[in-house]
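Participant: dropping the sequence and predicted coords here.
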Amino acid sequence: MAEDRSATLYRMVLPEHTCPFGVRAKQMLEQEGFQVDDRILRSREEVDAFQEEQGVATTPQVFIDGERIGGSDDLEQYLASA
């Protein structure tokens, strides 16, 4: 893999709730040496719009090299097989 690995992470951080799976995904990426472009979805409307746009039912969603990896469980599998 490239030396300067980067990933884009879309995760939910609402005033009343921070998604623990988004926190976990960010930690996993950082532990693997990725530079994380952390895209925070700050309202239910932003979350709903993102999910509709991407055709996904959940956040977080991780993208590496423009490819959607998926949520935190998918990321864990991806990193284990890399």
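Facilitator: Here it is on my side, so go on.

Participant: residue 25 - how many residues pack around it?
Facilitator: 29 (other CB atoms under 10 Å). All C-beta spots, glycine's among them, are computed from the backbone N, C-alpha and C.

Participant: I should have written residue 75 there, sorry.
Facilitator: When neighbours are counted by other CB under 10 Å, residue 75 registers 24.

Participant: settle this for me: it is touching residue 25, isn't it.
Facilitator: Yes - assessed by CB atoms under 8 Å, residue 75 is found in contact with residue 25 at 5.4 Å.

Participant: any shared contact partners between the two?
Facilitator: Taking CB atoms under 8 Å, 6 or more residues apart in numbering as the criterion, residue 75 and residue 25 both touch residue 62.

Participant: and residue 66, how far is that from residue 37?
Facilitator: 12 Å (CB to CB, to the nearest Å).

Participant: which one of those two is surrounded by more residues?
Facilitator: residue 37 (11 against 6).

Participant: contacting residues around that one?
Facilitator: Counting by CB under 8 Å, 6+ apart, residue 37 has contacts 6-9.

Participant: so among those, which ones count as buried?
Facilitator: Neighbour-count burial (16 or more other CB atoms under 10 Å) applied to the contacts of residue 37 gives 7-9.

Participant: how about low-confidence regions in the chain?
Facilitator: Within the chain, the segments meeting pLDDT under 70 span 1-3.

Participant: quick one: the strands in it, in order.
Facilitator: 6-14, 17-18, 35-41, 61-64, 67-70 (DSSP state E).

Participant: keeping just the C-alphas, turn the longest one into CSV.
Facilitator: Translated: strand 6-14. The C-alpha trace of strand 6-14 is given here as CSV (Å, rounded to 0.1, in the frame of the first residue of the first chain):
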residue,chain,number,x,y,z
SER,A,6,-5.8,8.5,3.2
ALA,A,7,-9.4,7.7,3.9
THR,A,8,-12.7,9.7,4.0
LEU,A,9,-14.9,8.9,7.0
TYR,A,10,-18.5,10.1,7.2
ARG,A,11,-19.9,9.8,10.7
MET,A,12,-22.7,11.0,12.8
VAL,A,13,-22.1,13.4,15.7
LEU,A,14,-25.4,14.9,16.8
